[in-house]
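**Q** I need the structure of the sequence given here:
(one chain, ligands or ions: 2)
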Amino acid sequence: MSKPPLTLYLAAPRGFCAGVDRAIKIVEMALQKWGAPVYVRHEIVHNKFVVDGLRDKGAVFVEDLKDCPEDRPVIFSAHGVPKSVPAEAAQRQMVYVDATCPLVSKVHIEAQRHSENGLQMVMIGHAGHPETIGTMGQLPEGEVVLVETPEDVAKIEVRNPDKLAYVTQTTLSIDDTADIVAALQARFPAIVGPHKEDICYATTNRQEAVKAMAQNCDAMLVVGAPNSSNSRRLVEVGAKAGCRYSQLVQRADNIDWRALEGITSIGITAGASAPEVLVNEVIDAFRARYEVTVETVQTAVENVEFKVPRVLRAPA
Ligand code: 2E7
Ligand code: F3S
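**A** Numbering: from 1, shown residues only. Ligands and ions are numbered 1, 2, ... in the order given. Sure, this is the predicted structure:
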């Protein structure tokens, strides 16, 4: 039987960003330098395939620094950590390497700078996400007010409405965040912030590519993990931009073929923590069932690279 034709729109950019690339390399270099086991606090990036691969090489993933022994190195995940974490590591005289994405460290510095200048910080982010916990944890407990929605803006209590600044999580929806920033500026006209928000280049570019293809696709699949904030935002952006069926899949065996019955086009992208091998696995699964024509939808070219320290040194 001949296979039905399918146009497969492939988003570009998609998949690994520079911060993910750097964080994974840091774990690999640490394993080479110090041998196994090397401890990693939290999933280095939110992807089971990546984490399982590093675990096979000798990385041990824990949620709490308390579960790391003093005599083995520990790496902090790409999402960043509250100040209390390196402080505890230093106090226990542990060897640690910080794999926080440099774009997150930049936000940490911003929050501290505003606070030193006497401004109270508002953070736009998702409660409980490690990046939000890490950024809020740059300042003493209770210093940073979290807002997740425009409705939250109406409810928050601040010390002085004329002395406020905001920062954001780097992986938020561009459009939803613009609404929250607008609500903040409407209620607190003096609030200080970045030019727009702190959403990173990778988040921005992946959302743009999804918007460009969403209307042409009968369905869209985002390769990524359920705990990956940026991947989940891509699913939402696809749906909002007009794609009737927008779904997250961890890998090919997650695809709900029944739900896809009758499609003639599919859009595929991947979150910043999803490896390209999984994208290829998904494409191959479509090739097995359809006569696939791939069309790349390229809305940006990325050439961002973050340096990995050539020699990993334990902090003094
Ligand atoms: C670090 C940061 O690991 P991810 O899925 O993380 P999110 O934050 O999207 O859940 O993706 C890579 C990454 C993105 N942002 C890592 Cl701060
Ligand atoms: Fe960094 Fe953005 Fe990736 S904050 S880890 S470059 S998704």
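
**Q** Confirm residue 123 sits in a strand?
**A** Yes. Counting by DSSP: H, G, I helix; E, B strand; the rest coil, residue 123 is part of a strand.

**Q** who's it bridged to?
**A** Taking DSSP bridges as the rule, residue 123 bridges to residue 146, residue 167.

**Q** Tell me where the stretch 1-150 of the chain has strands.
**A** Applying DSSP state E, counting those that start in this stretch to the stretch 1-150 of the chain gives strands spanning 5-12, 38-41, 59-62, 74-76, 96-98, 120-124, 144-147.

**Q** In TSV, list those along with distance to residue 217.
**A** Every C-beta, even on glycine, is put in place using the N, C-alpha and C of the backbone. Listed next are the strands of the stretch 1-150 of the chain as TSV, based on distance: least, C-beta to C-beta, whole Å:
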stretch	distance to residue 217
strand 5-12	6
strand 38-41	36
strand 59-62	35
strand 74-76	38
strand 96-98	39
strand 120-124	29
strand 144-147	33
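
**Q** Make CSV from those and add distance to ligand 1 to it.
**A** Shown next, in CSV, are the strands of the stretch 1-150 of the chain (distance: least, C-beta to the nearest ligand atom, whole Å):
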stretch, distance to ligand 1
strand 5-12, 16
strand 38-41, 12
strand 59-62, 13
strand 74-76, 11
strand 96-98, 12
strand 120-124, 13
strand 144-147, 16
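
**Q** among those strands, which is nearest residue 199?
**A** Minimum separation from residue 199 across the strands of the stretch 1-150 of the chain (C-beta to C-beta) falls at strand 120-124, 9.6 Å.

**Q** same for the closest one, what does it pack against?
**A** Applying 3 or more C-beta pairs under 8 Å, 6 or more residues apart in numbering; DSSP states H and E, we find strand 120-124 packed against helix 102-116, helix 130-136, strand 144-147, strand 164-168, helix 174-187.

**Q** three-state assignment of the residue most central in space within the chain?
**A** The centroid of the chain falls nearest to residue 230 when counting by C-alpha atoms, centre = their mean (4.6 Å). The three-state label for residue 230, taken from three-state DSSP, comes out as helix.

**Q** can you give me the strands for the stretch 151-300 of the chain?
**A** Under DSSP E, counting those that start in this stretch, the stretch 151-300 of the chain gives strands at 164-168, 219-223, 246-249, 265-270, 291-298.
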